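In: Need coordinates for the following:
(2 chains)
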Number of protein chains: 2
Amino acid sequence: MPPAETAADAVAVSALLERGRTLATPVLREAVDRLAPPMDTVAAYHFGWIDAEGRPADGDGGKAVRPALALLSAQAAGRAPEVGVPGAVAVELVHNFSLLHDDLMDGDEQRRHRDTVWKVHGPAQAILVGDALFALANEILLELGTVEAGRATRRLTRATRALIDGQAQDISYEHRDRVSVEECLEMEGNKTGALLACASSIGAVLGGADDATADTLEKYGYHLGLAFQAVDDLLGIWGDPEATGKQTWSDLRQRKKSLPVVAALAAGGPASERLGEMLAEDAKSSDFENFSEEEFAARAALIEEAGGREWTTQEARRQHTIAVQALESVRMPQEVRARFTALADFVVVRKR
Amino acid sequence: MPPAETAADAVAVSALLERGRTLATPVLREAVDRLAPPMDTVAAYHFGWIDAEGRPADGDGGKAVRPALALLSAQAAGRAPEVGVPGAVAVELVHNFSLLHDDLMDGDEQRRHRDTVWKVHGPAQAILVGDALFALANEILLELGTVEAGRATRRLTRATRALIDGQAQDISYEHRDRVSVEECLEMEGNKTGALLACASSIGAVLGGADDATADTLEKYGYHLGLAFQAVDDLLGIWGDPEATGKQTWSDLRQRKKSLPVVAALAAGGPASERLGEMLAEDAKSSDFENFSEEEFAARAALIEEAGGREWTTQEARRQHTIAVQALESVRMPQEVRARFTALADFVVVRKR
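Out: Next up is the predicted model:
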């Protein structure tokens, strides 16, 4: 059954996200405050706590799905949500380490409606502060000094390695004409699935859950991540700029080989072939930067006609289903299970 | 008593360094082989195992002081040197992560007589492979799955944070006219001392040594690192290009505010003042790149006349003494103590 957002669901999910933010942010800020100047300032800018001139700001800290999951996973192990806080903070630190480095590698100038760190503070600070956040993530966990913290750090390290692999794949795909659906899914699993998997289990690990339980919660998070990314790929083409904060046809402008595109190219048939020819021409075009809205709209229409939009919509549902089914084999309080499910539903129906 | 290198000492130290290389390198290569393409190739190039075209090479892997220390520290805890191998490999991975990122941040085009990774494979690969080596370092330790591995990883994380702090200081000092001797020593302690401290204790930690023992071994390594760096700073100005593989007056050409320079500037007196004026003029000069050998020689002579060379030579001996004295409070087999001392002597008398 496809998830449908009801008013009650929306309230429950908002509360979950809000709880994650409320419990994790103070600890995250405390961690970032440990950085020596000027890295503390650069990091505070990245997180949106101050503006480029150093004045306090109330930036968009993102949806905060990861902290919410980390807290919930502590509850899945029968523990208080607070037990998951160091895990939530460590995962956020790793996530932001990867954003800092990826934005520089990809040359992206904007993130969360603001200039990226390398653009404001220079490439060296983006590298250095990224490194520092990665190190802080391990520090926050390991200073707990428990066996569980060692296990959690090991899982986080595995997820970080997957993130790095995903970014390496993303970079190599940019230089290729064709990417298969399988390759795209593998890349998205590394870039998005692995860290959501870690977020969904790290609280449980810190709470003493065994490896089998942690693995199953990781499975939920991994497929939730793939659903999340499929929706992101849809929003990257057909999202409402008012809601997403991105340009119209954002991913097409960046020539991203996202799921709707690779699925459309793999589908075969007249629209698929026409799309393939068009994108091959675009790759050689020196005028691509000046394409009109209509030209991007024409490409989006071809992707839709070739079935790329529908396939990706179905893919988000398939991954959502696998995620929710994975939960069934973990014994946990009924209301915790309901919250995990509500978060999965939210990820699939979100508009931004 | 100042250390003097005898033929017997030299043989003993060579054997120690060779043992470190022999035991650590295969495990290091195995770890690097875990990286997904093309990161494995980029890392192999960085370590000097292949050349820029991918052909096998027998590169200069450096002096290998860190692996030798890690193995010796396992023996300080009464364990076999092999117990220190994962620690040696983790420390080497962190060291090389920092080289990859620092070379890019500093714009350095050469390392160990070869083009740096960012120069050959581009900035994105330098960032990505650096990140991957850092993650691998944690992975290698944490997959041991022991309480000791968690403690070792925590100490390595602390050292890594110090490395990052040191690089941040180094970058900020570049934009300043004056740096005090204390600031220079703090920066060198972070950039060189912290990781040698970790190398000198990590084998003992993996071998079950208590925190007090590990802290004392860290103290030895930290001051050994400061001695090492003081000698490096001397070689950076007065080293024999044949032995160091660097240009004559290398650090002066790079306008490095190294120990001999900051000590000379802090000394006061006519030579010190003249040096200060000269360097201030140099900083404004557009012709600095074309300075002759004689012009650099004149600056080196002023540094020496102001006492910067002698002060740094004495500083290396002071740090050597503190390092060796720290060992006295650790109970360890007599021949292990003798080897730690021989390594410290080697660091201070080396010519490259």
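
In: Within range of chain B, give me the residues from the stretch 1-150 of chain A.
Out: A:36, A:38-39, A:97, A:101, A:104-105, A:123-124, A:127-128, A:130-132, A:134-136, A:138-139, A:142-143, A:145, A:147, A:149-150 (Cβ under 8 Å from any Cβ of the partner chain). (C-beta placed from N, C-alpha, C; glycine too.)

In: Among these, which ones are in helices?
Out: Mapping the residues of the stretch 1-150 of chain A next to chain B onto helices (DSSP state H) picks out A:39, A:97, A:101, A:104-105, A:123-124, A:127-128, A:130-132, A:134-136, A:138-139, A:142, A:147, A:149-150.

In: Show me which of these are buried.
Out: The neighbour count (16 or more other Cβ atoms under 10 Å in any protein chain shown) marks A:39, A:97, A:101, A:104-105, A:124, A:127-128, A:130-132, A:134-136, A:138-139, A:142, A:149-150 as buried among those.

In: What is the end-to-end distance of stretch A:113-130?
Out: The separation between the terminal residues of stretch A:113-130, taken as Cα to Cα, to the nearest Å, is 20 Å.

In: My error: substitute stretch A:239-256 in the last question.
Out: For stretch A:239-256, the end-to-end distance is 15 Å (Cα to Cα).

In: what does it contact?
Out: For stretch A:239-256, contacts defined as Cβ atoms under 8 Å, 6 or more residues apart in numbering or on different chains pick out A:60, A:112-113, A:174, A:233, A:235-237, A:258, A:261, A:279, A:282-283, A:288, A:291, A:293, A:296-297, A:299-300, A:351-352.

In: redo that, cut-off 6 Å
Out: A:113, A:235, A:236, A:237, A:258, A:296, A:299, A:351, A:352 (Cβ atoms under 6 Å, 6 or more residues apart in numbering or on different chains).

In: List the buried residues for whichever helix or strand residue A:318 is part of?
Out: Assigned by DSSP states H and E, residue A:318 belongs to helix A:308-327. Within helix A:308-327, the residues that count as buried by 16+ other Cβ under 10 Å are A:308-309, A:311-313, A:315-317, A:319-324, A:326-327.

In: Which two of those have the greatest separation?
Out: Largest separation among those by Cβ to Cβ: A:308 and A:327, giving 29.6 Å.

In: State the pLDDT value of whatever residue of the stretch 51-200 of chain A ends up closest to chain B.
Out: Relative to chain B, the nearest point of the stretch 51-200 of chain A is residue A:150 (3.5 Å; Cβ to the nearest Cβ). pLDDT, residue A:150: 96.

In: can you give me the strands for chain A?
Out: A:110-111, A:114-115 (DSSP state E).

In: and the helix or strand of chain A with the lowest mean pLDDT, which residues are buried?
Out: Sorting the helices and strands of chain A by mean pLDDT, DSSP states H and E puts helix A:241-244 at the bottom, at a mean of 84. For helix A:241-244, burial by neighbour count (16+ other Cβ under 10 Å) applies to residue A:244.

In: distance of the most far-flung residue of chain A relative to its centre from residue A:306?
Out: In chain A, the greatest distance from the average C-alpha position (Cα atoms, centre = their mean) is reached by residue A:270, at 33.7 Å. For residue A:270, the distance to residue A:306 (Cβ to Cβ, to the nearest Å) stands at 8 Å.

In: picking up where we left off before, which strands and helices sit next to the helix holding residue A:318?
Out: Where contact means 3 or more Cβ pairs under 6 Å, 6 or more residues apart in numbering or on different chains; DSSP states H and E, helix A:308-327 is packed against helix A:211-238, helix A:259-267, helix A:334-349.

In: got the angle between it and helix A:334-349?
Out: 170 degrees (axes from the mean of the first three to the mean of the last three Cα atoms, to 10 degrees).

In: Need the contact partners of helix A:308-327.
Out: Residues from elsewhere that reach helix A:308-327 (Cβ under 6 Å, 6+ apart): A:2, A:216, A:219-220, A:223-224, A:226-227, A:230-231, A:233-234, A:259-260, A:263-264, A:337, A:340-341, A:344, A:348.

In: can you check stretch A:223-238 too?
Out: Contacts for stretch A:223-238 (Cβ under 6 Å, 6+ apart): A:188, A:192-193, A:196, A:244, A:250-251, A:258-260, A:300, A:312, A:315-316, A:319-320, A:322-323, A:344, A:347-348.

In: So how do I select the buried members of the contacts of helix A:308-327 in PyMOL?
Out: A single PyMOL command selects the buried members of the contacts of helix A:308-327 (16+ other Cβ under 10 Å):
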select buried, chain A and resi 216+219+220+223+224+226+227+230+231+233+234+259+260+263+264+337+340+341+344+348
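
In: Might you report the residue contacts of the spatially most central residue of chain A?
Out: Central residue of chain A (Cα atoms, centre = their mean): residue A:192, 4.8 Å from the mean position. By Cβ under 6 Å, 6+ apart, residue A:192 lies in contact with A:225, A:228, A:229.

In: distance of the second one from chain B?
Out: Yep, that's residue A:228 we're talking about. Separation of residue A:228 from chain B (Cβ to the nearest Cβ, to the nearest Å): 23 Å.

In: Kindly state the pLDDT recorded for whichever residue of the stretch 201-350 of chain A sits closest to chain B?
Out: Using Cβ to the nearest Cβ, the single residue of the stretch 201-350 of chain A nearest to chain B is residue A:211, 11.1 Å away. Residue A:211 carries a pLDDT value of 97.
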